[in-house]
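Enquirer: Below is the structure, and that's it, no one-letter string:
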């Protein structure tokens, strides 16, 4: 890979924008009327580059520009996209430059969420690369007056059977006159011909990140830009009653104090409202906010109390609820069963808590707005900003910086809308900087949930009937006022697609009003559904007196395809074709056997130690995790090691898959040990990492061993599937170590009781 030029190498020196710069790249990067300093934050494509297709441009010097239309937040999507395109077009890795695409509907979906980037794009990216290879091969054939099938494109050049060789750069003009066939008629490489795909390749941005050259949202600087720190309503739906603008405006460095209007209707991605302190620097804005003395009308959600809501949720799931999926007659079997297992599970709200809090810079003009943001979904920024400033979304230019983590938070661009609104009100470039406290206390939270599970066990300890009820505040409430029941797309995440083999099953969902802004977080409702299902199976194994791994395999049953749609026609299967991505228990069983084998399952462990296992299918990927823990006599927990087997179908970068699986596992530790987000009088009680715990090194295992299953299956998701299995595997290991069953998270002091 050539020297990476995603961002200007000197991120604090900038180029003056010109209208011509945007025009020459056929819409991939529009500088437009950007402020003079911010135009250089994203590297401009070469002015003499010539576009071969939507994702590929060719430079006269032989360099190839590959456009990445997805956001880079540590998952190495820029590397993966380059691997796919470069492989199919037979480009030299050192001759590749990745250009970051701005928000633009022409790319199709740009929402870097839901572990979909490779799955949604691999085929068309391969076709784009193959089309350039075709063009080069045919251009050379025309030049030499020979048949195209006597020419071969390989490593940035075309060779003929006679021994003639010509470089790509010398064929550009000829190649651009070649019209490639329709995608279905292109010849794509076979798997055995892949050069870059399905290998481990270094993160192309790694050097810039570790040397401080990569530009994140907080690095964006425009000399005349002002900084905004915002005091937001502590209660969702609250409105400002009063604030001391005069005192704040008199403070050194403060330029203005501006009220941001309260949102209307459902929250959507609108700002919460509040009061912004505009200043010449971050410190002055921060100090100004502390002097605002804002008073609030809290509104209808001021009664939100987590303890009371928890009791309400548990009460809900302990009574009959709405039908989701059913076969057999579970209720009758349960009613007459002599051997039953009943358990309730609970998980609190969680925050995404990326290391880099939200940040965006905006400049408002009469006919357009420029936004520079750490966003997962620039098209959502276009819509949200446009609505906030009363402008068509097509006039909102969203430039994507690096993201210092996101986990779902930065696909909700309220922070971009804040920056654009304040720029409109001041006529200045504005950088809105959220603090860690802002992020913890004013986010879109992962839903609090309660689960009730019952099973009737036959004489052999097998599950003869199974009942599962779930209740949680739905994401739908963010988009629709009054929504209090989860839609299918949330129930389909680990609930509807329950793989347990039993003749009698009944799944029900309860209602739960949303008293906070509810949003998706890494793995979404898979987190609490997998926790309940995998914990319950482990409990059933113990009650039946069987090995927990063997019982898990027994509960899943033999190799088969489960057609959930026979019982729930709405099952959406992660937007995947059910024929292409069936729910295949053979793959789930395989990762269980693999992870158990990796961990040496069945070996004798020292006193106070235990092994726990859990497995789950999410985002069309199959993951099994084994965790080894040690619990001292005093109740101190230590995670010794983890083993993970992951089957994500065809993968692009094996190293990335391992990295994301390890990261997803550590993120899963958060779901188990964090205090969670709790509310009292409508206010979040946590504020920073001292009371919203994310894993420290001491909380994490020294080694997370990952085995990537080689597969010819279509590509599936990678970023999220390792997270849901970790908490149940950890809690099952705790039970094996000390006999204490964890049904409610966080673990907290339960081991010391």
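Expert: Looks like it came in fine. Because the structure is predicted, anything quoted here is derived from the model rather than measured.
Enquirer: Excluding covalently adjacent residues, which one is nearest to residue 410?
Expert: residue 376 (4.6 Å; CB to CB, 6 or more residues apart in numbering). Using the backbone N, CA and C atoms, a C-beta is placed for each residue, glycine as well.
Enquirer: In contact with the one you found, which residues are there?
Expert: Counting by CB atoms under 8 Å, 6 or more residues apart in numbering, residue 376 touches 71, 73, 111, 112, 113, 403, 406, 408, 410, 411.
Enquirer: ok, and the most crowded of the residues you listed?
Expert: residue 410 (31 neighbours; other CB atoms under 10 Å).
Enquirer: Correct me if wrong, but that residue is in a helix.
Expert: Yes. Under DSSP: H, G, I helix; E, B strand; the rest coil, residue 410 falls within a helix.
Enquirer: And it, how far from residue 188?
Expert: Residue 410 is 34 Å from residue 188, where distance means CB to CB, to the nearest Å.
Enquirer: same deal with residue 688?
Expert: For residue 688 relative to residue 188 (CB to CB), the value is 50 Å.
Enquirer: likewise residue 437?
Expert: 50 Å.
Enquirer: Residue 51 too?
Expert: On the measure of CB to CB, residue 51 and residue 188 end up 21 Å apart.
Enquirer: for residue 180, same thing?
Expert: From residue 180 to residue 188 the distance is 12 Å (CB to CB).
Enquirer: neighbour-wise, which of these two wins?
Expert: Between residue 180 and residue 188, residue 180 has the larger neighbour count (other CB under 10 Å), namely 19 against 15.
Enquirer: Just give the closest residue to the more buried one, not the sequence neighbours.
Expert: Residue 180 sits nearest to residue 131 (CB to CB, 6+ apart), 3.9 Å away.
Enquirer: what helix or strand does the one you found sit in?
Expert: helix 117-144 (DSSP states H and E).
Enquirer: Quick check: mean pLDDT of that helix?
Expert: In this model, helix 117-144 carries a mean pLDDT of 97.
Enquirer: Quick one: distance of it to the chain centre.
Expert: For helix 117-144, the gap between its own C-alpha mean and the chain's C-alpha mean amounts to 29 Å (CA atoms, centre = their mean, to the nearest Å).
Enquirer: Tell me which other helices or strands it touches.
Expert: strand 50-53, strand 56-58, helix 77-89, strand 151-154, strand 157-160, helix 172-175 (3 or more CB pairs under 8 Å, 6 or more residues apart in numbering; DSSP states H and E).
Enquirer: right, and these - which one's nearest residue 193?
Expert: Among these, the nearest to residue 193 by CB to CB is helix 77-89 (8.7 Å).
Enquirer: What's the first helix or strand after that closest one?
Expert: strand 96-100.
Enquirer: Report all helices and strands that that following strand contacts.
Expert: Looks like strand 96-100 contacts strand 64-68, helix 77-89 (3+ CB pairs under 8 Å, 6+ apart).
Enquirer: Reformat these as JSON lines; add distance to residue 750 and mean pLDDT.
Expert: What follows is the helices and strands packed on strand 96-100, written out as JSON lines (distance: least, CB to CB, whole Å; pLDDT from 0 to 100):
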{"stretch": "strand 64-68", "distance to residue 750": "45", "mean pLDDT": "96"}
{"stretch": "helix 77-89", "distance to residue 750": "39", "mean pLDDT": "97"}
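Enquirer: Export the ones you listed as JSON lines, with columns for distance to residue 492 and mean neighbour count.
Expert: Below are those laid out as JSON lines (distance: least, CB to CB, whole Å; neighbours: other CB atoms under 10 Å):
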{"stretch": "strand 64-68", "distance to residue 492": "29", "mean neighbour count": "24"}
{"stretch": "helix 77-89", "distance to residue 492": "24", "mean neighbour count": "25"}
